[in-house]
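> Build me a model:
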Amino acid sequence: MTKHFAKVLTVSDGCYYGKRQDTSGEVLRQLLQDHDFEVVESRISPDGIDSVSSRLIEMSGNFHGLIVTTGGTGFTSRDLTPEATLKVIEREAPGIAEYSRSVNKLGILSRGRCGILGQVLIFNVPGSPNGAREMVESVIDTIGHAIDLLRDATAEHPTNE
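Prediction:
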């Protein structure tokens, strides 16, 4: 069995400035560990395209695995995590985001994206602890396989041509 690694990025002005506890990040770290992912890093970012995209690029460097973002996927003017993700990914993986939204009727309010940056799968989920947990749980068994495919694809085509 291949070891899978994960990182969690909480996107929240309130958490970043210490006004709120990062409960979604905690839920995701525990869920990932319960499914045999080794969580190697967690960060908190303020909302915004530049702040989130910068952190995603930093967290992706020399990494092979999953980065789950929690927060910033809704309808408010500060919810810009999907836009930040689209700014940095090379290819989208829309099926993961679409399927994960289907597990709860409130999923239609999430604008989260999923995509590939090098050997990293970036997956946006809501900032609500329950929404984040439900969406990741719905695809967790497939995500490990997706990460394995990214590793194999890079080994087969090292020049990315």
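> Now the helix or strand where residue 130 lies: buried residues?
Element membership for residue 130, per DSSP states H and E: helix 129-156. In terms of neighbour count (16 or more other CB atoms under 10 Å), helix 129-156 has its buried residues at 129, 131-136, 138-140, 143-144, 146-147, 150. Backbone N, C-alpha and C define where each C-beta goes, glycine included.
> Any chance of the backbone angles for residue 106?
In terms of degrees, to the nearest 10, the main-chain angles of residue 106 are phi -80, psi -10.
> In terms of pLDDT, where does the nearest residue to it once chain neighbours are set aside sit?
Leaving aside its sequence neighbours, residue 106 sits nearest to residue 131 (CB to CB, 6 or more residues apart in numbering; 6.6 Å). With respect to pLDDT, residue 131 scores 96.
> quick one: contacts for residue 131?
104, 106, 107, 110, 125 (CB atoms under 8 Å, 6 or more residues apart in numbering).
> what does residue 141 give?
Taking CB under 8 Å, 6+ apart, one finds residue 35 in contact with residue 141.
> is it true that residue 129 touches residue 22?
No: using CB atoms under 8 Å, residue 129 is not in contact with residue 22, being 9.8 Å away.
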